[in-house]
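> generate coordinates for the sequence data below:
(chains A, B, C and D)
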2 protein chains.
Amino acid sequence: MVKRESNVDRVYDALRQMAVDFAFKPDQRLNESALAAQLDTSRTPLREALNRLVAEGLLTFQTNRGFFCRSLTPKDILDLYETRVAVECEALRLSCSRASDDEICALEMWLAEAEPMYLSSEDTLELLTLDEEFHLRLARLSGNNELLRMLASVNDRIRYIRLIDLKNMCARSGGDPEAHRKIMRALAARDAKGADTAMRSHIEKRREQATEAVRIAFSQLYVPMD
Amino acid sequence: MVKRESNVDRVYDALRQMAVDFAFKPDQRLNESALAAQLDTSRTPLREALNRLVAEGLLTFQTNRGFFCRSLTPKDILDLYETRVAVECEALRLSCSRASDDEICALEMWLAEAEPMYLSSEDTLELLTLDEEFHLRLARLSGNNELLRMLASVNDRIRYIRLIDLKNMCARSGGDPEAHRKIMRALAARDAKGADTAMRSHIEKRREQATEAVRIAFSQLYVPMD
DNA sequence: GCATTCAGAATTGTATACAATTTAGAATAC
DNA sequence: GTATTCTAAATTGTATACAATTCTGAATGC
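Presented below is the predicted three-dimensional model:
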């Protein structure tokens, strides 16, 4: 057998993508043999990858019953949004005193370039990707890799929820394209307190809308024939 | 073969304990066959458990080379302490508005009971456990399970560093037993701002001392014959 | 001495086999 | 019709085998 690159990593990446991109339904049980066949590997490396995803919180596991797509209760969603606040606000605070003018300027330019797309795009998934990228780039300015890692992890876990939220937001165009600029202005002014306030209210607003969007989506599940 | 409980979980717990309790030296390569024999299992479930620990950040993995005990650079330590600030301060902020008087009272009583031990104990490991428990109990008052989980994860990863720190602190009795009470007083008064300040300065002081302690410990490595 | 080469040993990567357990569904009783 | 029991099928749990790769250390050349 000839091998050039890591198979487990490939399987892990593929599974992670599937989990994040809603290929599994909440609470769905994953069939190991079927998944292994689909990813052209055997159950041994597959299970190693699945175990990583359990540790990351994307899947759950029950002895003798297997791996399941993790579902989120409203409480879970609240907890995760609060965690986002903790991570992003602290990262922003650090960025205010650490990021160089050049780095801030570069992010402002990226934002200016992305904004037209953000305002015009019809593709909800693309919007979500843009939004996530802004927040990740912002967090990266803190220079703290752990905070960045945690933000990425939280993002992955609420991605499904945020997509529902954005779909809803597009429909009624209730988004606030100013929010990101406001955060950037405070950062550029090295105004840690103002940045904290702007970030908090931005995430909080998104959380409220997401909760509402999820409520609507759930209610629609009960009248699926329209 | 008769089985009553999960083997992978048992192996995972054992490995985690070993990793947290310094059974592996930094950057040490773990021998799968030896570990499997030691834990009385085979390599298949062992590797599943090891993969979980990689996802948690306690170990690292290199294709075709295996699993390694993760070592921490000074930068890593700084990042982790900053993450602690982010998580604990936000949890405390939430606790200030959410925790019931009864819960706060119960934690104050626990602290009062633990303090004599904290002041007198010679056992550094016991001190560390007490300190970790206070911080975890405090974070639990936020009602946010994700923040709690993250704090536990960070604690596990800097446990080795904190032990070095505490050993050093005991030697020169430079600890501040007032710090925890101060945080509790602000919490009881529902003073979110004061609590934030107290927590920040507490963790920051510990971080500085830990960095110093690690520096001393490292320097001692170069003169090991005394 | 120091670097390089190259078997052989040790170790990791993973497919497979089979035991243990759970699940699904038919048969039965009420 | 509903609940219960039981058997067969499906699925998970893990030990093992062997291929692929890396590591070790002796032999060689400079």
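
> now residue A:55, nearest residue through space, not along the chain?
For residue A:55, ignoring the flanking residues on the chain, the nearest one in space by C-beta to C-beta, 6 or more residues apart in numbering or on different chains is residue B:55 at 3.6 Å. Every C-beta, even on glycine, is put in place using the N, C-alpha and C of the backbone.

> domain ranges for chain A?
Chain A breaks down by automatic domain parsing into domains covering A:7-69, A:74-221.

> by mean pLDDT, show me the worst of these.
Mean pLDDT values for the domains of chain A show the minimum at domain A:74-221, a mean of 91.

> quick one: is that domain near chain B?
Yes. Using C-beta under 8 Å from any C-beta of the partner chain, domain A:74-221 reaches chain B at A:76, A:79-80, A:82-83, A:85-87, A:89-91, A:94, A:144-147, A:149-150, A:154.

> would you mind pulling up the elements that the host helix or strand of the residue nearest to residue A:55 packs against?
Here residue B:55 sits within helix B:43-56, counting by DSSP states H and E. On a contact count with 3 or more C-beta pairs under 8 Å, 6 or more residues apart in numbering or on different chains; DSSP states H and E, helix B:43-56 meets helix A:43-56, helix B:7-20, helix B:32-38, strand B:59-62, strand B:66-69.

> Serialize these to a markdown table and add fields for distance to DNA strand C and mean neighbour count.
Putting those into a markdown table (distance: least, C-beta to the nearest atom of the strand, whole Å; neighbours: other C-beta atoms under 10 Å in any protein chain shown) gives the following:
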| stretch | distance to DNA strand C | mean neighbour count |
| --- | --- | --- |
| helix A:43-56 | 4 | 21 |
| helix B:7-20 | 11 | 18 |
| helix B:32-38 | 4 | 14 |
| strand B:59-62 | 7 | 17 |
| strand B:66-69 | 3 | 19 |
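
> DNA strand C contacts on chain A?
For chain A, the residues found near DNA strand C under the criterion C-beta under 7 Å from any atom of the strand are A:3, A:6, A:7, A:8, A:36, A:41, A:42, A:43, A:44, A:45, A:64, A:65.

> let me know the closest of these to residue A:140.
residue A:6 (25.7 Å; C-beta to C-beta).

> grab the nearest non-local neighbour of the closest one.
Here the residue nearest residue A:6, using C-beta to C-beta, 6+ apart, is residue B:63, at 4.0 Å.

> spell out for me the ChimeraX command that would select the buried members of the residues of domain A:74-221 next to chain B.
To isolate the buried members of those in ChimeraX, using 16 or more other C-beta atoms under 10 Å in any protein chain shown:
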select /A:76,79,80,82,83,85,86,87,89,90,91,94,144,146,147,150,154
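
> okay, the domains of chain A in JSON lines with distance to residue B:204 next?
Output for the domains of chain A, formatted as JSON lines (distance: least, C-beta to C-beta, whole Å):
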{"stretch": "domain A:7-69", "distance to residue B:204": "29"}
{"stretch": "domain A:74-221", "distance to residue B:204": "13"}
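
> can you say which of these is nearest to residue B:116?
Checking the domains of chain A against residue B:116 by C-beta to C-beta gives domain A:74-221 as the closest, at 33.0 Å.

> what about residue A:141, how many neighbours?
Residue A:141 has 21 neighbours, counted by other C-beta atoms under 10 Å in any protein chain shown.

> what does it show for phi and psi?
phi -60, psi -20 (degrees, to the nearest 10).

> for DNA strand C, see how far away it is.
When distance is defined by C-beta to the nearest atom of the strand, to the nearest Å, residue A:141 is 35 Å away from DNA strand C.

> same deal with residue A:112?
According to C-beta to the nearest atom of the strand, residue A:112 stands 44 Å off from DNA strand C.

> and that residue, helix, strand or coil?
With DSSP: H, G, I helix; E, B strand; the rest coil as the basis, residue A:112 sits in helix.

> element containing the residue positioned nearest the centre of chain A?
By C-alpha atoms, centre = their mean, chain A has its centre lying nearest to residue A:155, at 2.1 Å. According to DSSP H and E, residue A:155 maps onto helix A:145-172.

> buried sites along the following helix or strand past that helix?
Scanning forward in sequence from helix A:145-172 by DSSP H and E, the next helix or strand is helix A:178-188. For helix A:178-188, the neighbour count (16+ other C-beta under 10 Å) marks A:179, A:180, A:182, A:183, A:184, A:186, A:187, A:188 as buried.

> and residue A:200, how far is that from residue B:87?
Distance of residue A:200 to residue B:87, computed by C-beta to C-beta, to the nearest Å: 16 Å.

> got the angle for the helix holding residue A:155 vs helix A:43-56?
Inter-element angle recorded for helix A:145-172 and helix A:43-56: 80 degrees (by axes from the mean of the first three to the mean of the last three C-alpha atoms, to 10 degrees).

> so how far is helix A:145-172 from its chain's centroid?
Taking C-alpha atoms, centre = their mean, to the nearest Å, the mean C-alpha location of helix A:145-172 is offset from the chain mean by 3 Å.

> swap in stretch A:138-154?
So, by C-alpha atoms, centre = their mean, the centroid of stretch A:138-154 is 12 Å from its chain's centroid.

> how about residues contacting that stretch?
Stretch A:138-154 is contacted by residues A:56-57, A:80, A:83-84, A:87-88, A:90-92, A:94-95, A:98-99, A:103-104, A:107, A:135-136, A:183, A:187, B:57, B:76, B:79-80, B:82-83, B:86, B:146, B:150, B:154 when judged by C-beta atoms under 8 Å, 6 or more residues apart in numbering or on different chains.

> could you tell me the end-to-end distance of it?
Taking C-alpha to C-alpha, to the nearest Å, the first and last residues of stretch A:138-154 lie 15 Å apart.

> what's the distance between the residue nearest to residue A:18 when sequence neighbours are not counted and residue A:160?
Excluding the flanking residues, the one nearest residue A:18 by C-beta to C-beta, 6+ apart is residue A:24, at 6.5 Å. Plainly put, residue A:24 is 10 Å away from residue A:160 if you go by C-beta to C-beta.

> what's the helix or strand for residue A:196?
With DSSP H and E as the criterion, residue A:196 is inside helix A:192-221.

> in that helix, what's buried?
Buried, per 16+ other C-beta under 10 Å, within helix A:192-221: A:192, A:194-196, A:198-199, A:202-203, A:206-207, A:209-211, A:213-214.
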